[in-house]
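A.B. asks: return atomic coordinates for the entry below.
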Amino acid sequence: MPKIVITEFMDEGVVKELESHFEVVFDTDLVDDRRSLLAAVADADGIIVRNRTRVDGELLKAAPRLKVVGRLGVGLDNIDLPECESLGVIVKPAHGGNGSSVAEYVLSGALMLRRQAYLASQDMLAGKWPRQSLIGREVAGSVLGLVGFGAIARETARRALALDMQVMIFDPHLAPDALNGWDRVVRHQHLASLLAESDVVSLHVPLTEATHHLIDSTSIGYMKSDAVLINAARGGIVDEKALATALREGSLAGALLDVFEQEPLPAGSLLQGVPNLILTPHIAGVTKESNTRISQMTADNVREVLGQLEVGA
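C.D. replies: Predicted structure coming up:
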């Protein structure tokens, strides 16, 4: 019976389905126990991971039988794709499973940051009444700048347009006709001009050499002082030190970060105590609904590769 190792959280009902076809090791402690992980994959035919498990040369060497990597999500920066390809290991992300979840996260963040009223609990409980200082802004009529215009960014754009936001994008890899049917979306040819016009900037690009610290002190300098930044894409795209400085100095109005250069955040992070900053633990794409969808998609992908699920069944 083929063996599958699952290293991070997954819908338990879907795991039980897999257990009826495979030997399954479902142990979320493996992501933080490298030695045990390498031992577990020694005879594995498949592995299912999220973003924290490094599927690198070391792991692939330790798993000579490995045929498929199922990714519970879409980001692949934790997986050595060239090495997988050279070894004939198929990598299967769960495209489309969390678009709604991330889009809702981005828009709820935009609403919170623009309105500015939702971080007042401590002042309120201390007897303060900061009503005047918390007069914020509406999102209707404001400009949402999307850096990248893939599937999740498009889900975000649809919802933003429904809120009467103006949507602008920057994506140098987009085909000239890619905005057919998006008459209300304005395309910028340069990142700097998008940043300068946007009230809310949301990042929707993978982490690559080209996008590492794409939002640095220079990029932040192009942004309006009352603009806000949202990163639910990948840690490393934002220079966290530059962002912290901008927020402390008041040259940026606020930020929402779901992803970080180091996850989990280390004790004493430079983001500690930074004003107008909301942090969440890489949860933008994870809801009850999306977890079920992504888990099922990933299970089906892995079963298909391992010959247990007919294509189209």
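
A.B. asks: for this protein, give me the ranges with low pLDDT.
C.D. replies: 308-313 (pLDDT under 70).

A.B. asks: next, give phi and psi for V68.
C.D. replies: Here the main-chain torsion angles of V68 (degrees, to the nearest 10) amount to phi -150, psi 140.

A.B. asks: how far away is the nearest residue to it once chain neighbours are set aside from P2?
C.D. replies: Nearest residue to V68, sequence neighbours excluded (CB to CB, 6 or more residues apart in numbering): V305, at 4.0 Å. C-beta coordinates here come from the backbone N, C-alpha and C atoms, glycine included. Taking CB to CB, to the nearest Å as the measure, V305 falls 10 Å from P2.

A.B. asks: same question for H173.
C.D. replies: Relative to P2, and taking CB to CB, H173 is found at 37 Å.

A.B. asks: circling back to that earlier point, the residue nearest to V68: neighbouring residues, count only.
C.D. replies: Other residues near V305 number 20, with proximity taken as other CB atoms under 10 Å.

A.B. asks: go on, I278?
C.D. replies: Other residues close to I278 by other CB under 10 Å number 16.

A.B. asks: could you list every residue that touches it?
C.D. replies: I278 makes contact with 109, 112-113, 119, 254-257, according to CB atoms under 8 Å, 6 or more residues apart in numbering.

A.B. asks: state the phi and psi torsions of the residue of the chain positioned farthest from its centre.
C.D. replies: Using CA atoms, centre = their mean, the residue of the chain lying farthest from its centre is G127. It sits 37.4 Å away. Note on G127: backbone dihedrals following degrees, to the nearest 10 are phi 90, psi 0.

A.B. asks: H188 now?
C.D. replies: Note on H188: its backbone torsions stand at phi -100, psi 150 [degrees, to the nearest 10].

A.B. asks: quick check, it in contact with L194.
C.D. replies: Yes. Counting by CB atoms under 8 Å, L194 is a contact partner of H188 at 4.1 Å.

A.B. asks: any shared contact partners between these two?
C.D. replies: Shared contacts of H188 and L194, counting by CB under 8 Å, 6+ apart, come down to 145, 168-170.

A.B. asks: now do the helices in this structure.
C.D. replies: Secondary structure of the chain (DSSP state H): helices located at 12-19, 34-40, 57-62, 81-87, 99-115, 121-125, 151-162, 191-197, 217-222, 240-249, 288-305.

A.B. asks: ok, back up a step: which one of H173 and P2 is surrounded by more residues?
C.D. replies: More neighbours surround P2 than the other of H173 and P2, with 20 against 9 (other CB under 10 Å).

A.B. asks: center of this protein - which residue?
C.D. replies: In the chain, the residue lying closest to the centroid (CA atoms, centre = their mean) is A233, at 3.6 Å.

A.B. asks: what's the burial count for the closest residue to it other than its chain neighbours?
C.D. replies: Once flanking residues are discounted, A233 sits nearest to L203: 4.4 Å by CB to CB, 6+ apart. The local packing of L203 (other CB under 10 Å) involves 23 other residues.

A.B. asks: contacts only, for L203.
C.D. replies: 147-148, 214-215, 229-233, 237-238.

A.B. asks: separation between it and G148?
C.D. replies: Distance, L203 to G148, using CB to CB: 7 Å.

A.B. asks: swap in F260?
C.D. replies: Taking CB to CB, one finds F260 at 19 Å from G148.

A.B. asks: likewise T218?
C.D. replies: Applying CB to CB, the value for T218 to G148 is 19 Å.

A.B. asks: and those two? Which one has more around it.
C.D. replies: Set T218 next to G148 and count neighbours by other CB under 10 Å: G148 wins out with 21 against 12.
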